[in-house]
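[1] With the input below, show me the fold.
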Amino acid sequence: MCALDERCRTSKVCFVNALCTGVFGTVFYDFGESFVVSDKDGEKPAMSQVENILCSNPVVVKVLEGQGRYGLETGSCTTLSKVRGLSACWRTGTPSTSYQVVLESPGELMMSDFAKFDCPPLLHLAYRALAAYAEAHDMEYPKPGDMAAAKEVWDLAKSMDKDGNLNGNTAVLKACSGKFTPINGFFYLDADECLPDAPLPAKELAPTGSSRYDSGVAAFGWEAQKKLLDLNYFPAREGTIGCEMLNNWGLMGVACGPNGAVHITDMDRIEKSNLSRQFLFRNGDIDAFKSSTAARAAVEMNPDMHVTPYQEKVGSDTEHVFGDDFYDKLDGVCTALDNVEARLYVDQRCLFYRLPLLESGTLGTKGNTQVVVPNVTENYGATRDPPEKSIPVCTPGRAAEFQVGDCDGDPEDASGRAACELRGLRGVGPAEVREIVQQPDTTAASQLPGGSGDVERDKVLVRVSDGPLRALLRLPRALLRERGTGVLELVLCMAQLRALRWSMLAALNDVTRKPKRGLSPSKGVTSWKSDVIESRCCGEFLSLTSSLILLCTIYYSSSKRCPKAQVFDLNDKCEDAQMRNHFDFIVAAANLRAHMFGIKGRTDEEYFAEVLQNVIVPDFTPQEGVKIASTEAEAKESENAASAPAPMDESTEVEQILASLPQPGELAGFKLNPVEFDKDLDDHMLFVTACSNLRALNYSIPTEDTHRSRAIAGRIIPAIATTTALVTGLICFELYKIAGTSKKELKIDAYKNGFVNLAIPFMTLSEPTPPAATKAVVKGKEWNWTAWDSLDMSMGDITLQEFISFFETEYNLDVSMISHGVSILFSFFANKKKLAERMKMKMSEVVESVTKKELPPNQLFLIFEIIANDLDTDEEVELPYVKFRFR
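    I've put the predicted structure just below:
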């Protein structure tokens, strides 16, 4: 290894050495003397808007105070962009030390578990001794259970121990790309908690030579392997981690025995973007259900694996599928869910059924694992993380009301808003119109607020908007103006050329013909006021009309970027992303428009160039009589004047709109296809990218290419295969512990929660937190119960009287109230006659009588909360819930 490393250093080639031996592993990096790290931590670069630059020595750059601290530190790589005549960028070098030097003097080794401060030096010494043993035995390592070989390795280690110590991976990515900080020398990881305290007999570890599980048996023994084969587990959701977990379990032999079973569920279908990180899926699987596809792939990998797929989400509304009878057969749950609400629900299920929970998640180079063991550790919901900052996403209504002040200089903001354009204005509106048109013929009077001439159509009008009026306002535009020149003209008769020309004119209007926004200085601060003018040919591009703005540049504010007009140029390319945003926007808009009306689109540049030559965009003319308020008093006066005319009665307006619409018979063959945003469709992403870049160019924001825009608009969470592999590997270690370690009873310090950041690099394994306890005194004895505890009753479906008597005799408690959910079943202040009737009823009958709901046939348990006092002291006793099994 030393010779190979020296050869690599001489040739300026990165050297990576990794070795895994059972539950122990090591990795070593040597990237040479002058390796350059271009991105040390993988975090999004800190961005701030520059207020001014002082060209002194050193140069002083002042950023806007309102945007918070700049988040830089000494040695950070800094780039100044969009500053004419000035740019700067610095990068840092990270020298590495040779294998020979670090092998002899490893220095301070990176820690992975702060409960094992002495482990890294010991493992370094052990791997040196193991390498020496292999060199002395023709590169053969000791066989499992060979105690003579183990003693020889021990003797070698003692001879190398000069300091008295005996008293995976992202390496290739870092070496090739310069991203992330490499490990300094050696790194060691172990999971010796999975192993028994004493060596197992050689027979227990001996390989059969024919079993695919021989490698696992060599580390854990046949007893542990048999437990894995018969496990019944529920890995909820088959995303990135779910696929990797199922892959690992198939290789480990989980649920591959006669009594084993794995139940997987995911209601999502496979998208093209999933293929880069969910490795059980292939191109031919696109649009298939993830769960059934993953199950099929797992069985192909290990035919003995018993996998049952579901296409249901995990929640309270699917308890008829995942109910008491389902959880009663499980040995544990493994989750990789993408929202906190679902995680908390599964956590409550595990608490109730006292099942272990393996929780994990990744975000780029970051990952975390949490093991939840009944009565040993706290549950997942016992602590909450602060909410994460989300990408700005607006509603369709908000999309049409962009203001200049909304722009914060972030490309993600522009891409997020562009996605809203496509989601809202090309999806929701057409879908509403289509649904209304498909209803049976009706009279205008039936559509008035409160009218019910056609119940189904009334429901549609109320559901699609805040009321019938807002829904109907879309109809004249879709059925009259946008269909063609006449009321009776059908969309199917529209020529392809006309549809494309309409879209091009609308697009050109969006780029070049915009309402001006007045700028008026007030008290030294720029006041931004808008006057949005809707053009008939702009249609649903109204929000883009307010996004791409012609604006006077006489005044500007340091806290807001003064936008500048875009002059249409078919061949224009933006500087940052090198995208033809003007041309791309017109092509995407035209084809989306054509798709809405069922017309085949075109993308050939020659055709668009020819048509655009004949399109004349009228010059912008400001509205007459428009006054821009420069003070708050003037603004209030303008608002009062605008609100003076009495608005038209809503019923009258609805009636007028309906009277102007064509009759259903005249709409034969009319189709309006909503465009549902899909990040995997290139046509959609071309529109989003061009739209967001045009907005960015208005405000001098860096533009983004289609790949980056796809990640922002589609809210794609970055996934790195090495992070996923490491997280699932750590979870599998915990699964070995939960399944049972031979000849060893594990305590809380044997389980490990993990957090990793491969970019820094950083890794820490920590002992889980024990559950919080509540003190109660029952029959004179102290009882410290936790969230895992309950008062279990398995006496069958007894009567209410027997239920109360049980607590008197068993716990010496006087029950004063019993509740089930929000329903009170028994209380001392209730009607005596009703109580007398309920006392003779069975508990399930009482629940059904009070809640007016029939219990599902697969429900086995009922949960009751009780208030009770000690019969001797008359003091109230705080108790956990009652888990009552009635079937």
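[2] Pick out the residue nearest the middle of this structure.
    Centroid check for the chain by CA atoms, centre = their mean gives residue 338 as the closest residue, at 4.6 Å.
[3] And the pLDDT at that one?
    On pLDDT, residue 338 comes in at 77.
[4] Any chance of the backbone angles for it?
    When read as degrees, to the nearest 10, the backbone of residue 338 gives phi -100, psi 10.
[5] nearest spatial neighbour of it, skipping sequence neighbours?
    Take residue 338 and drop its neighbours on the chain: the residue closest to it by CB to CB, 6 or more residues apart in numbering is residue 239, 6.7 Å away. Heads up, the C-betas are built off the backbone N, CA and C, glycines and all.
[6] same deal with residue 774?
    Leaving aside its sequence neighbours, residue 774 sits nearest to residue 785 (CB to CB, 6+ apart; 5.6 Å).
[7] doesn't residue 776 make contact with the one you found?
    Yes. Judged on CB atoms under 8 Å, residue 785 makes contact with residue 776 at a distance of 6.3 Å.
[8] and residue 274, what is it in contact with?
    281, 290 (CB atoms under 8 Å, 6 or more residues apart in numbering).
[9] Low-confidence stretches in the stretch 501-650 of the chain?
    Scanning the stretch 501-650 of the chain for pLDDT under 70 picks out 501-562, 617-623, 625-631, 639-650.
[10] can you list residues touching both of residue 785 and residue 776?
    What both residue 785 and residue 776 touch, as defined by CB under 8 Å, 6+ apart, is the set residue 879.
[11] do you know how far the residue nearest to the centre of the chain is from residue 348?
    18 Å (CB to CB, to the nearest Å).
[12] With residue 278 instead?
    Residue 278 is 28 Å from residue 348, where distance means CB to CB.
[13] Compare neighbour counts for these two and give me the winner.
    Just comparing residue 278 and residue 348: by other CB atoms under 10 Å the higher neighbour count belongs to residue 278, 23 against 15.
[14] So the residue nearest to residue 338 is in contact with residue 336, correct?
    Yes. Counting by CB under 8 Å, residue 239 touches residue 336, with 5.9 Å between them.
[15] Paired strands for the longest strand belonging to the chain, with orientation please.
    The longest strand of the chain (DSSP state E) is strand 861-870. In the sheet, strand 861-870 lines up against strand 813-820 (antiparallel), strand 876-877 (antiparallel), strand 882-885 (antiparallel) (DSSP bridges).
[16] Adding distance to residue 764, mean neighbour count and mean pLDDT, write those strands out as TSV.
    Converted to TSV, the strands paired with strand 861-870 look like this (distance: least, CB to CB, whole Å; neighbours: other CB atoms under 10 Å; pLDDT from 0 to 100):
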stretch	distance to residue 764	mean neighbour count	mean pLDDT
strand 813-820	43	19	92
strand 876-877	41	16	90
strand 882-885	36	20	92
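[17] Ok, which of these comes nearest residue 27?
    Of all those, the one in closest proximity to residue 27, counting by CB to CB, is strand 882-885 (47.3 Å).
[18] which residues touch the closest one?
    With contact meaning CB under 8 Å, 6+ apart, strand 882-885 is reached by 352, 790-794, 803, 843, 860-866.
[19] Check stretch 773-786 too.
    375, 771, 772, 811, 812, 813, 870, 872, 877, 878, 879, 880.
[20] ok, now with 10 Å
    The contact list for stretch 773-786 (CB atoms under 10 Å, 6 or more residues apart in numbering) reads 351, 374-376, 378-379, 382, 770-772, 787, 789, 791, 810-813, 868, 870-873, 875, 877-880.
[21] Okay, and which of these map to helices?
    The helices, defined by DSSP state H, take in 351, 810, 811 from the contacts of stretch 773-786.
[22] Among these, which one sits closest to residue 632?
    Closest to residue 632, out of all of these and judged by CB to CB, is residue 351, at 55.6 Å.
[23] follow-up on the earlier one: who are the contact partners of the residue nearest to the centre of the chain?
    Contacts of residue 338 by CB under 10 Å, 6+ apart are 237, 239, 240, 241, 268, 361, 717.
[24] before we move on, what about residue 766?
    Applying CB under 10 Å, 6+ apart, the residues near residue 766 are 113, 114, 115, 751, 752, 753, 754, 755.
[25] Give the ChimeraX command for selecting the buried subset of the residues you listed.
    Filtering the contacts of residue 766 down to the buried ones (16 or more other CB atoms under 10 Å) takes a single ChimeraX command:
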select :113,751,752,753,754
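[26] Next, the distance between the ends of stretch 103-113.
    21 Å (CA to CA, to the nearest Å).
[27] quick one: average confidence on it?
    The pLDDT scores in stretch 103-113 average 82.
[28] how far does that stretch sit from the chain's center?
    In terms of CA atoms, centre = their mean, to the nearest Å, the centre of stretch 103-113 is set 35 Å apart from its chain centre.
[29] Pull out the buried positions in stretch 323-330.
    323, 324, 326, 327, 330.
[30] mind checking the end-to-end distance for that stretch?
    Start and end residues of stretch 323-330 are separated by 11 Å (CA to CA).
[31] What mean pLDDT does that stretch get?
    On average, stretch 323-330 scores 92.
[32] which residues touch that stretch?
    For stretch 323-330, the surrounding residues in contact (CB under 10 Å, 6+ apart) are 231-234, 261, 263, 310, 319-320, 322, 333, 349-350, 352-356, 856-862, 885, 887.
[33] Inside strands: which ones of the residues you listed?
    232, 233, 234, 261, 263, 310, 333, 861, 862, 885.
[34] Most neighbours of all the residues you listed, which one?
    Within the ones in strands among the contacts of stretch 323-330, neighbour counts (other CB under 10 Å) peak at residue 234, which reaches 27 neighbours.
[35] Touching, that one and residue 312? I think so.
    No. Counting by CB atoms under 10 Å, residue 234 sits too far from residue 312 to count as a contact (12.0 Å).
[36] what do those two both touch?
    Common neighbours of residue 234 and residue 312 (CB under 10 Å, 6+ apart) are 265, 322.
[37] show me where the stretch 551-700 of the chain has helices.
    581-596, 605-612, 632-642, 650-660, 682-698 (DSSP state H, counting those that start in this stretch).
[38] Now the longest one: buried residues?
    Meaning helix 682-698. Neighbour-count burial for helix 682-698, counted by 16+ other CB under 10 Å, picks out 683-698.
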